[in-house]
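1. one predicted model, sequence on top.
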Amino acid sequence: MSDAAPRDAAEPDDASTGAGATAGDATGRGDALDGQAAARAAAARDAAARDAAEEASAFSHPPVEPDATAAYGAHPDQVIDFYAPRGTEPGGAPDQAPLVVVLHGGAWRSAYDRRHITPFADFLARRGFAVANVEYRRGALIPSQTDGSSAPDAGAGGATGAVAGRWPDTLDDVAAAFDALPALVREALPQADPRRMVITGHSAGGHLALWAAARHVLPSGSPWRTDRPAPLRGVVALSPIADFHAAEKLDVCGGAVTQFLGGQAQFAERRPHVDPALLLPTGIATTLVQGRADVVVPHVVAEAYADAAAKAGEVVGFTLLEDVGHFPLIDPAADACAVVAEEIAQLAW
């Protein structure tokens, strides 16, 4: 007879206890992972819905006609719209107001032109600024696979789809617009004081704003390089595509930076001429305004630029707005737009 005490038939032995615990743990971990995945999916849906609502609000305002328009070149897109500070008449002689130069976004693609940002330009004019809203050529050219040159594209609705930017036309236009701006302002908007000029731009326009302020530090031999810094009070870049390496890693705007530079074959060669994160320090006061909830150009892109500036010995202002996405920065109905105007005012006045 055995000395062992009898065991209840329902009690599992050690082996079965271990196996049961392992299976239970695995099931629990699987449920937890499923829950995390579901939470991430729900968060992504909420973020997408929020972005869509913010975009719809920003684009709900009717375009605002300018007080004057002037051409800086022969192409239909080589124009600047001017908005007089409200309360004055074009051609009048009030005290001159600071000049804010606006560069619109849209991933440098032809589907987006300056019209969508005219309510923002008008918002600034109603805040007492003189405003120049710059148009430029966008993605109507595609790079050749053989020699890196450009060839006509069917446009945003064509077989090749919307392509980001034209190389070198987009940069040619922004440089030409700024070179022509002082004379055009004197003629079209005498209320403006170009000595108190601030550049602002949204998204891809934020990139162009940073780039326009950095032309004096472009590589030697660059066709857009200037001999001296532009006479600016500063730059306020809104959710800018400010670091091309970070934007490429995140596939911002569907690979827009790679398209803009002509594809991977041209990326490394052309990037030093166009990436603001490589054009530092500029010696020009710069502020970035960014929504933490931005899913179009995530805030880490602006943070990468700010980090690069710090490493170059330059302090860049960085206003990160909680619970704000990509589009409220240019939406006159959003509180974030008033924050932008205040950031501009701090540099301009």
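-> Perfect, I can see it now. Residues are numbered from 1 along each chain as shown.
2. can you pull the contacts of the closest residue to Val316 other than its chain neighbours?
-> The spatially closest residue to Val316, leaving aside those adjacent along the chain, is Ala309, at 4.3 Å (Cβ to Cβ, 6 or more residues apart in numbering). No exception for glycine: its C-beta is placed from N, CA and C like everyone else's. Going by Cβ atoms under 8 Å, 6 or more residues apart in numbering, Ala309 touches 280-281, 286, 315-316.
3. again, 10 Å this time
-> Counting by Cβ atoms under 10 Å, 6 or more residues apart in numbering, Ala309 touches 242, 276-277, 280-282, 286, 288, 315-316, 318.
4. least confident of those?
-> Among those, Val315 carries the lowest pLDDT, at 95.
5. partner strands of whatever helix or strand Ala70 lives in and their direction?
-> Following DSSP states H and E, the helix or strand that holds Ala70 is strand 68-71. The strands beside strand 68-71 in its sheet (DSSP bridges) come out as strand 79-83 (antiparallel).
6. next, the buried residues of the strand it pairs with.
-> When neighbours are counted by 16 or more other Cβ atoms under 10 Å, the buried residues of strand 79-83 are found to be 79-83.
7. residue boundaries of the helices in the stretch 101-250 of the chain?
-> For the stretch 101-250 of the chain, applying DSSP state H, counting those that start in this stretch gives helices covering 118-126, 169-188, 204-212, 244-249.
8. now mean pLDDT and distance to Glu65 too, for the ones you listed, in CSV please.
-> Shown next, in CSV, are those (pLDDT from 0 to 100; distance: least, Cβ to Cβ, whole Å):
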stretch, mean pLDDT, distance to Glu65
helix 118-126, 98, 8
helix 169-188, 97, 14
helix 204-212, 98, 20
helix 244-249, 98, 34
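9. and these, which is most packed in?
-> Between the helices of the stretch 101-250 of the chain, helix 204-212 has the highest mean count of neighbours, a mean of 29, where neighbours are mean count of other Cβ atoms under 10 Å.
10. that helix relative to helix 169-188, how many degrees between them?
-> On the basis of axes from the mean of the first three to the mean of the last three Cα atoms, to 10 degrees, helix 204-212 is oriented at 80 degrees to helix 169-188.
11. just the C-alpha atoms of helix 204-212, please, in CSV.
-> The C-alpha trace of helix 204-212 is given here as CSV (Å, rounded to 0.1, in the frame of the first residue of the first chain):
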residue,chain,number,x,y,z
ALA,A,204,5.3,72.9,-48.3
GLY,A,205,5.0,76.7,-48.2
GLY,A,206,6.6,76.5,-44.8
HIS,A,207,9.5,74.8,-46.5
LEU,A,208,9.7,77.5,-49.1
ALA,A,209,9.6,80.2,-46.4
LEU,A,210,12.6,78.7,-44.6
TRP,A,211,14.4,78.2,-47.9
ALA,A,212,13.8,81.7,-49.1
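12. so which other helices or strands are in contact with it?
-> strand 97-103, strand 130-134, helix 169-188, strand 192-202, strand 234-238, helix 256-260, strand 286-291, helix 299-311 (3 or more Cβ pairs under 10 Å, 6 or more residues apart in numbering; DSSP states H and E).
13. which one, of those, ends up nearest to Arg29?
-> Counting by Cβ to Cβ, Arg29 lies closest to helix 299-311 out of the helices and strands packed on helix 204-212; the figure is 29.8 Å.
14. bridge partners for Tyr83, pull those for me.
-> With DSSP bridges as the rule, Tyr83 is bridged to Val131.
15. where's it relative to Leu171, distance?
-> According to Cβ to Cβ, to the nearest Å, Tyr83 stands 25 Å off from Leu171.
16. Glu269 too?
-> With Cβ to Cβ as the criterion, Glu269 and Leu171 are 14 Å apart.
17. likewise for Ser57?
-> 31 Å.
18. my guess is Asp113 meets His104, correct?
-> Yes - under the criterion of Cβ atoms under 10 Å, Asp113 makes contact with His104 at 7.1 Å.
19. what residue lies at the spatial centre of this structure?
-> Ser203 (1.6 Å; Cα atoms, centre = their mean).
20. excluding chain neighbours, what is closest to that one?
-> Distances taken as Cβ to Cβ, 6+ apart put Gly105 closest to Ser203, at 3.0 Å, once the chain neighbours are dropped.
21. from Arg225, how far out is that neighbour?
-> From Gly105 over to Arg225 the distance is 25 Å, taken as Cβ to Cβ.
22. neighbour-wise, which of the two wins?
-> Remark: of Gly105 and Arg225, Gly105 carries more neighbours, 28 against 15, as counted by other Cβ atoms under 10 Å.
23. quick one: that one and Gly165 touch, right?
-> No - here Gly105 does not reach Gly165: they are 11.8 Å apart, not a contact under Cβ under 10 Å.
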